[in-house]
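**Q** one predicted model, sequence on top.
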Amino acid sequence: MNETIVDGGAVRLRPWAERDVEEVSRACGDPEIARYLPLLPSPYTAGDARWWITTGAPAAWQADGAAWAVVDPATDRVLGGAGMSHVVAGRGQAEVGYWVAPWARRQGVATAAARAVAGWAFRERGLVRLELLTAATNEASQRVALAAGFTREGVRRGAGTDRFGERVDLTAFVRLAADSGDRVAPGLPDFPGGQLTDGNATIRPITVADADDLLALHALPEVAKTNLGPRGTAEFMRLRCESTGADWLAGARANCVILDAATGAFAGDIGLFYQEPFTRQALIGYGLRPEFRGRGLATSAARLISDWALEHAGVIRVCAGTFPYNEASRAVLRRAGFEQEAYMKAKLPGPDGTRIDDIQFVRIAERFR
Ligand SMILES: CC(C)(COP(=O)(O)OP(=O)(O)OC[C@H]1O[C@@H](n2cnc3c(N)ncnc32)[C@H](O)[C@@H]1OP(=O)(O)O)[C@@H](O)C(=O)NCCC(=O)NCCS
């Protein structure tokens with residue numbers, strides 16, 4: 001197959017050239033690229049870049065795929081790489097991939113490149129289905145996928161391997177030739193401005209830097225008792241933190257930390273679990289460190305996250321369950337605008353195979369009250 005040049009508006013896709021060796025080796029030495037493109041050598045040398053340009057990329061073309069340099073159309077400077085692989089002719093399908101040099105990130109380069117590859121593959125190769133497979137925790141690439149008109153399809157278990165040869169899950173985004181190509185909305189919208197605050201509490205999405213604080217919070221017996229899922233181990237908490245962005249984009253959950261608005265200190269956590277998108281019903285849960293209790297922080301956080309869910313995320317019913325003994329949590333919910341709705345017997349799994357009653361609260365979108 002002939003290598004070709006594709007005009008992608010803000011970017012140009014062109015064949016790799018020997019003059020690109022220096023920029024490729026500098027870009028591919030980046031730790032994010034090593035993390036999310038485990039098939040690339042690490043450390044990455046000039047020799048690796050030369051092999052890619054003279055042997056690897058031409059081989060991709062020979063295999064009916066494509067491997068381009070993504071360059072600035074005005075200066076021809078290398079901004080990244082993009083390509084197509086794993087062509088399955090019988091399904092009219094192939095995979096799209098890309099990386100962007102650290103010096104060109106957060107400027108729409110990957111989005112423009114993915115769009116250019118997709119347009120070319122549909123137009124020039126007659127393909128009808130393009131897959132974009134990302135690491136389960138690669139929020140940046142998943143945002144690129146949505147921005148380039150790919151819809152999240154689901155998790156492909158064990159579809160990839162990490163640098164050590166272990167199987168890893170990949171999240172599949174797909175764009176069909178028949179799709180509009182318009183940006184696809186994330187499952188849950190971002191907080192306007194990145195965080196929410198009422199001057200008392202601030203809530204923002206969890207990051208990996210919060211893992212130790214969260215682990216300590218969930219080790220407290222009174223917090224651990226209210227957890228229905230596994231949370232106790234450092235490994236679980238690291239994964240939970242790393243997955244926050246992807247879970248948010250998937251529309252599964254919005255996991256946040258609660259900060260004391262005055263000092264920015266870590267005070268606790270709150271999460272919204274979008275259990276029933278079809279009926280537009282979500283569930284919230286929260287916990288505070290003891291030294292931050294009694295200051296209305298949980299009330300503020302419950303109000304902030306439910307206001308956002310009802311006003312921005314299309315949720316109509318925000319629910320919260322409380323154990324029968326947990327009068328403190330019910331007081332928080334009443335103050336945050338929730339009302340008691342149901343006493344549900346044996347609703348929740350308890351320790352050692354027991355079941356626990358659940359007193360349910362709900363806050364309903366204003367227009368349905
Ligand atoms: C993923 C990667 C290609 C993104 O490239 P980029 O050119 O910076 O992406 P864009 O500028 O087109 O950004 C697209 C969207 O992602 C968001 N985004 C980009 N990097 C992000 C990050 N690190 N964290 C959160 N969001 C991010 C942008 O804000 C933008 O969102 P918007 O459309 O809502 O405004 C780049 O970070 C990279 O090369 N990473 C390492 C290799 C890799 O992961 N390749 C993909 C393997 S599947």
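**A** Good, I have the coordinates.

**Q** give me the residue at the spatial middle of this protein.
**A** For the chain, the residue nearest the mean C-alpha position is residue 246 (1.8 Å; Cα atoms, centre = their mean).

**Q** quick one: contacts for that residue?
**A** The neighbourhood of residue 246, defined by Cβ atoms under 8 Å, 6 or more residues apart in numbering, consists of 136-139, 142, 171. To be clear about C-beta, it is placed using only N, CA and C from the backbone, and glycine gets the same treatment.

**Q** just how off-centre is the helix or strand hosting it within its chain?
**A** Assigned by DSSP states H and E, residue 246 belongs to helix 244-250. Centre-to-centre, helix 244-250 and its host chain are 3 Å apart (Cα atoms, centre = their mean, to the nearest Å).

**Q** now, the contacts of residue 246 that are in helices?
**A** Cross-referencing these against helices under DSSP state H gives 139, 142.

**Q** still on that earlier bit, list of residues touching the helix or strand just after the helix holding residue 246?
**A** Once the chain leaves helix 244-250, the next helix or strand it forms, by DSSP H and E, is strand 253-260. The contact list for strand 253-260 (Cβ under 8 Å, 6+ apart) reads 188, 201-206, 210, 213-214, 240, 244, 247-248, 265-274, 286, 288, 292, 295, 297-298, 301, 305, 309, 313.

**Q** give me the subset of the residues you listed touching the ligand.
**A** Applying Cβ under 6 Å from any ligand atom, the subset of these adjacent to the ligand is empty.

**Q** quick one on the thing from earlier: what's the closest of the contacts of residue 246 to residue 184?
**A** When these are ranked by distance to residue 184 (Cβ to Cβ), residue 142 comes first, at 10.5 Å.

**Q** enumerate every residue touching the closest one.
**A** Contacts of residue 142 by Cβ under 8 Å, 6+ apart are 134, 152, 171, 173, 245-246, 249.

**Q** what does the helix or strand that contains residue 328 contact?
**A** Using DSSP H and E, residue 328 maps to helix 327-335. Under the criterion Cβ under 8 Å, 6+ apart, residues 226, 286, 296, 298-299, 302, 320, 322-323, 340, 359, 361 lie in contact with helix 327-335.

**Q** just the ones of these in strands?
**A** Within the contacts of helix 327-335, residues falling in strands by DSSP state E are 286, 320, 322, 340, 359, 361.

**Q** would you list those residues in CSV and tack on pLDDT and neighbour count?
**A** Formatted as CSV, these follow (pLDDT from 0 to 100; neighbours: other Cβ atoms under 10 Å):
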residue, pLDDT, neighbour count
286, 95, 25
320, 97, 25
322, 94, 22
340, 97, 13
359, 97, 21
361, 98, 23
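
**Q** state the pair within those residues that is farthest apart.
**A** Across these, no pair lies farther apart than 286 and 340, at 17.3 Å, counting by Cβ to Cβ.

**Q** who in this structure is up against the ligand?
**A** Applying Cβ under 6 Å from any ligand atom, we find that the chain lies next to the ligand at 32-33, 36-37, 98-100, 105-111, 134, 138-141, 143-144, 147.

**Q** so what's residue 53 up against?
**A** Residue 53 neighbours (Cβ under 8 Å, 6+ apart): 16-18, 20-21, 24.

**Q** rewinding a little: just the buried ones from the residues of the chain next to the ligand, in PyMOL syntax?
**A** Here is the PyMOL command that selects the buried residues among those (16 or more other Cβ atoms under 10 Å):
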select buried, resi 33+37+98+99+100+105+108+109+110+111+134+138+139+141+143+144+147
